[in-house]
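S.K.: Kindly generate the corresponding structure for this input.
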Amino acid sequence: MRKLKTNWNKIWRYIHLTFGLVLVAYHARIAWYHNGFVDSVWSADVDKFVSTTLIFFVMWTGLAKWPVYPWYKKRQNRKRREQKADLAAAES
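M.R.: Numbers count the residues shown, from 1 in each chain. The predicted structure follows:
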């Protein structure tokens, strides 16, 4: 059986997608109100929560899932290649 690899980028991606989908549902309800599909919009408490908390989490989880790890890994691999080349040159 294949083991699934979990890293921080995947974790942040799913957190970001979850909060983003809630934000989409929030805005869809507002659009439905303006198109006449529903009779009411969100309360002021919900609007305050979305504008202060939810959008904050969507923005920062989006930045957190930015692919920093591949850059780090690429740098580490370059260092290892340089060490191997130096070692091979020293042995020759």
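
S.K.: Only the buried residues of the longest helix seen in the chain, if you could.
M.R.: In the chain, taking DSSP state H as the definition, the longest helix is helix 8-34. Within helix 8-34, the residues that count as buried by 16 or more other Cβ atoms under 10 Å are 12, 15-16, 19, 26. Every C-beta, even on glycine, is put in place using the N, C-alpha and C of the backbone.

S.K.: That one: how far from the chain's middle?
M.R.: Centroid separation between helix 8-34 and its chain, computed with Cα atoms, centre = their mean, to the nearest Å, is 12 Å.

S.K.: before we move on, what about stretch 54-63?
M.R.: For stretch 54-63, the distance to the chain centre is 8 Å (Cα atoms, centre = their mean).

S.K.: buried sites along that stretch?
M.R.: Buried residues in stretch 54-63, counted by 16+ other Cβ under 10 Å: 54, 57-58, 61-62.

S.K.: I am finished for the moment; much appreciated.
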